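[1] let me see the structure of the following:
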Amino acid sequence: MRTRAMLLGGGTLFLGLITYGLVLSGMVAFGKPGPSPSPAAAGKASAAKRPSAARPQASTGTPEEAESALLQELQRRRAAIEAREKELSQREQELTALQTEVERKLQRLTQLRDEVKGLLAQQKSLKEARLLHLVKLYEAMRPEEAASLVNSLDDTLAVKLLSQMNKKKAGKVLAIVNPQKASQLSEKLTQ
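    Numbering: from 1, shown residues only. Model (predicted):
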């Protein structure tokens with residue numbers, strides 16, 4: 001049993017010595033100069049060592065100097081924030097003015113659209129009134145006179161006219177119209 005305990009104690013001692021040796025070799029290896037880093041790695045390392053523009057440099061002076069530098073940096077940031085707020089406020093005012101202008105123009109366009117709709121409706125009503133007046137005139141004419149005028153009319157107008165006339169009177173006029181034109185008008189009247 002005793003030998004076993006000695007073996008166990010000796011093993012622990014051996015393990016401790018190995019650990020101590022590794023630690024020492026690490027320290028020695030750490031102090032040795034190694035291979036020089038590549039230029040790209042050196043550039044990254046130097047970039048990492050450079051202070052950023054947004055972060056104030058830690059001064060090596062007195063705490064009062066560090067506090068003063070920090071206050072100056074805070075004042076600079078506050079001025080930048082205030083300038084940005086002023087710019088945003090101006091842009092907001094410009095956008096509000098533009099929005100008002102767009103709404104005004106949209107209102108004007110809506111008004112013009114309504115006016116155009118009204119004018120188109122008025123024009124349509126006027127055309128219908130004129131057509132109705134023309135229908136009454138043609139109905140009042142003798143069929144021969146009406147037929148000679150229908151022969152010279154545009155087909156579209158002649159169709160509108162004949163479709164609005166009294167059926168008997170339109171039939172009498174159509175019977176006297178040039179046969180070829182009567183055929184065309186009859187075909188268009190069925191559509």
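
[2] point out where this structure drops to low pLDDT.
    Scanning the chain for pLDDT under 70 picks out the ranges 1-60.

[3] mind giving me the domain split of it?
    Domain segmentation of the chain under automatic domain parsing yields 65-127, 141-191.

[4] most tightly packed of those domains?
    With neighbours defined as mean count of other Cβ atoms under 10 Å, those peak in mean count at domain 141-191, which reaches a mean of 15. In short, each C-beta sits where N, CA and C put it, glycine included.

[5] so which other helices or strands are in contact with the helix ranked longest in the chain?
    Counting residues, the longest helix found in the chain (DSSP state H) is helix 63-140. Secondary-structure packing of helix 63-140 (3 or more Cβ pairs under 8 Å, 6 or more residues apart in numbering; DSSP states H and E): helix 143-152, helix 155-164, helix 167-176.

[6] closest one to Gly118 among those helices?
    Distance to Gly118, taken as Cβ to Cβ, is lowest for helix 155-164 among the helices and strands packed on helix 63-140, at 23.6 Å.

[7] relative to helix 63-140, how tilted is the closest one?
    Here the directions of helix 155-164 and helix 63-140 differ by 60 degrees (axes from the mean of the first three to the mean of the last three Cα atoms, to 10 degrees).

[8] hang on, the earlier thing: how much does the longest helix of the chain deviate in direction from helix 167-176?
    Using the same axes, to 10 degrees: helix 63-140 against helix 167-176 is 80 degrees.

[9] so helix 63-140 versus helix 143-152, what angle?
    Using the same axes, to 10 degrees: helix 63-140 against helix 143-152 is 140 degrees.

[10] I'd like to know which of the helices and strands packed on helix 63-140 is closest to Leu74.
    That would be, of the helices and strands packed on helix 63-140 and by Cβ to Cβ, helix 155-164, which comes in at 83.0 Å.

[11] hmm, who's touching that closest one?
    131-132, 134-135, 138, 150, 153, 170, 173-174, 181, 184-185, 188-189 (Cβ atoms under 8 Å, 6 or more residues apart in numbering).
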